[in-house]
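Q: make a model of this:
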Amino acid sequence: MTEGEENKSEETAQVQEPPEAQDTSEARDTPETQGTSDVREASENEEASATEDDFQSLFEESLQAVKPGGVVTGKVVDVNPTHVVVDVGYKTEGRISVQEFQDRDGTLQVALGDDVDVFFESPEGDRGEIVLSRQKAESIKVWDRIEKAHEQMTPIEGTIVARVKGGFKVDVGVDGFLPGSHVDIRPTRNLDQFVGKRDRFTILKYNRMRDNVVVSRKVLLEKEREVLKKETLAVLDEGVILEGVVKNITDYGAFVDVGGIDGILHITDMSWGRVNHPSDLLSLGETLRVVVLKFDKERERISLGMKQITPDPWESVAERYPVDSKITGKVVGLTDYGAFVELEKGVEGLIHVSEMSWAKKLSHPSKVVQAGETVEAMVLNVDPGRRRISLGLRQVLPNPWFLAKEKYPEGSVIQGPVRNITDFGVFVGVEEGIDGLIHISDLDWTKKIKHPSELYKKGDIVEAKVLGVDPQVERFSLGVKQLTMDPWERVVNEHPPGSRITGPIVRVLDFGVFVRVAEGVEGLIHVSQLSTEHVDKPSSLHQVGDVVEAEVVNVDLQERKIGLSIRALKRSEEREELETYLKREKEAGRFSFETILNEELKLDRENRPGTDAQDGEKDDV
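A: Numbering: from 1, shown residues only. Sure, this is the predicted structure:
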């Protein structure tokens, strides 16, 4: 046996107990010693269990410890002008730039002690600190929310921040794109109204890798609108009063959403009064009460009214504004033909331009009144059926024409400047706004005037006599010739029938010649009265300029005609000679009384008015 084997054998011998010892041990395992053994075994089990619990706890803690590459929650332990320090439970704290905690306006959105979610990028940065990112954490959360909203087709909130080419830029946590065609259900001219508006959107598509998301407001509105539309159509009927929201305003009216369906509110159905433009009464987004005027179920067209909810003010307007009563109102509109005055809400009257001033001939109402001005007027006429009230502004003022009638009685003489010249006369300024007319026939007694401009021009000072003032028709008649005596009256007085005149021939015509009797007065010697003998042509006996003597056979002041006769003059001369001769012979006793009487009767018959020659003369004259 070798030395090693001997040593091994000795060790074995030392380890192994003799049978007696074993038996002794077994013998000792008696009931008296059993309790002590159980206690020892229980203690050993407890120690083994504690060791296993500690290992499990350490294992769970190792699993729960923060690790790079995920979103963790930390506490803000410091905020300074440049960084925010966050403790995420790691060996060291992390610093994040304050810019990652600022909103679009630059306002800091975190405070000391706040719990914040951050992205754990790296356990050790350049300065030995952990690297954290607030933006990445928010981006991950946003994209998770976008993905969930797209999968479940649920809306997501966001803010339209700016207009871009083709649509809008929308902040839904990340920058998204809202196409212009998806901003509203119907096309809208004023797209700027949506900028800055916070709303809900549907995710149309997204690409997380490219950081790209497209949203729609229209899809969500259409879904909501369809639900509302079904509810509205179930109760919609003519005469029903609803609440609606103004969706669009045009020149002719407004589109009002009455619950998932739009109705047209025409401009004429907005108010009983004047509406220049729908935007004067309504604004986009405004909520208002409307009544259904017409409803076409098949075409789903609705006509709405707003004024029909209130009583029609024109029903009793005649009682409130009787004719000749005075009213006070506000000028709400000016046109070329007058001014519209609001008497009350929904009731307007018209002051025609001709009813604004007694004196002035206005070219435009703005010469007297202005929009927004309060005026007093008189009611001239009321027509409720046609919704018209005629007003007069001048009727509340003294009528200058009645004052002029009192101030300028007929026959008085005035002076004034020539303000206008027409074919039929001359207008002379009497007072401010009152002109008198001198008719062309009243310019001169005898001159034949073709146009008043032959005598006057604008600005000339004219003296004239007042012939009459008629306030009802606003007419002021003047005459210039009336300042002097009518030469025809002088002729009548100075040259009665049977008298003789001498004058030059001024005109020679086929039916006779005209002789100047006085300035502007001519008398006619008919061809039958030129001689006691038959005359074919007056020109065979007389020429213009010849001075002749004739007898006045008739005078017509009304027609301004004088009939002359050389023949009658000859007869008169012959008669005078005969009378002289007969008188002389009678005195001598050579003729009887009967002979003289017959001769006188014969002469009377030849010269008596109404003979054929004189009748022809009258016709020609």
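
Q: tell me where the stretch 451-600 of the chain has strands.
A: Under the criterion DSSP state E, counting those that start in this stretch, strands of the stretch 451-600 of the chain are mapped to 461-470, 475-479, 500-509, 512-518, 521-526, 547-556, 561-565.

Q: what lines up beside the fourth one in the sheet?
A: Looking back up the chat, that one is strand 512-518. Take DSSP bridges as the rule and strand 512-518 pairs in its sheet with strand 500-509 (antiparallel), strand 521-526 (antiparallel).

Q: quick one: closest of the ones you listed to Gly349.
A: Among the strands paired with strand 512-518, the nearest to Gly349 by C-beta to C-beta is strand 521-526 (58.6 Å). Just so you know, the C-beta spots here come from the backbone N, C-alpha and C atoms, and that holds for glycine as well.

Q: how is this protein partitioned into domains?
A: Domains of the chain are assigned by automatic domain parsing as 70-139, 236-309, 313-396, 413-483, 496-621.

Q: rewinding a little: format the strands of the stretch 451-600 of the chain as a markdown table; extra columns: distance to Val84 and mean neighbour count.
A: Formatted as a markdown table, the strands of the stretch 451-600 of the chain follow (distance: least, C-beta to C-beta, whole Å; neighbours: other C-beta atoms under 10 Å):
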| stretch | distance to Val84 | mean neighbour count |
| --- | --- | --- |
| strand 461-470 | 96 | 17 |
| strand 475-479 | 94 | 20 |
| strand 500-509 | 122 | 15 |
| strand 512-518 | 122 | 22 |
| strand 521-526 | 121 | 24 |
| strand 547-556 | 123 | 19 |
| strand 561-565 | 122 | 25 |
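
Q: redo the ones you listed as TSV? Include distance to Glu129.
A: What follows is these, written out as TSV (distance: least, C-beta to C-beta, whole Å):
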stretch	distance to Glu129
strand 461-470	107
strand 475-479	106
strand 500-509	132
strand 512-518	133
strand 521-526	131
strand 547-556	134
strand 561-565	133
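
Q: to Lys197, which of the strands paired with strand 512-518 lies closest?
A: Taking C-beta to C-beta as the criterion, strand 521-526 is the member of the strands paired with strand 512-518 that comes nearest to Lys197, at 95.5 Å.

Q: tell me which of the strands of the stretch 451-600 of the chain sits nearest to Ser139.
A: Nearest to Ser139 among the strands of the stretch 451-600 of the chain is strand 475-479 (91.2 Å), distances taken as C-beta to C-beta.

Q: quick one: contacts of the closest one?
A: Residues outside strand 475-479 that contact it (C-beta atoms under 8 Å, 6 or more residues apart in numbering): 404, 408, 414, 428, 430, 434-439, 442, 464-470.

Q: for stretch 374-388, same thing?
A: Around stretch 374-388, the neighbours that count as contacts under C-beta under 8 Å, 6+ apart are 314-315, 317-318, 321-331, 339, 341, 349-351, 355, 369, 389-393, 395-396.

Q: number of residues surrounding Asp199?
A: The local packing of Asp199 (other C-beta atoms under 10 Å) involves 17 other residues.

Q: give the contact list for it.
A: Applying C-beta under 8 Å, 6+ apart, we find Asp199 in contact with 157-160, 217.

Q: now Ile249
A: With contacts defined as C-beta under 8 Å, 6+ apart, the neighbours of Ile249 are 255, 278-279, 282-284.

Q: which helix or which strand is home to the nearest residue to Asp296 once chain neighbours are set aside?
A: Computed as C-beta to C-beta, 6 or more residues apart in numbering, the closest residue to Asp296 that is not its neighbour in sequence is Ile302, at 7.7 Å. Here Ile302, judged by DSSP states H and E, is contained in strand 301-305.

Q: cool, Phe120 as well?
A: Remark: Phe120 resides in strand 115-122, with elements defined by DSSP H and E.

Q: same check on Trp143?
A: Using DSSP H and E, the secondary-structure element containing Trp143 is helix 134-152.

Q: which parts of that helix are buried?
A: Along helix 134-152, the positions that meet the burial threshold by neighbour count (16 or more other C-beta atoms under 10 Å) are 134, 137-140, 143, 145-146, 149-150.

Q: mind checking the domains of the chain for the one nearest to Glu489?
A: With C-beta to C-beta as the measure, domain 496-621 is the member of these nearest Glu489 (7.0 Å).

Q: if anything else comes up later, I'll come back, but that's it for now.
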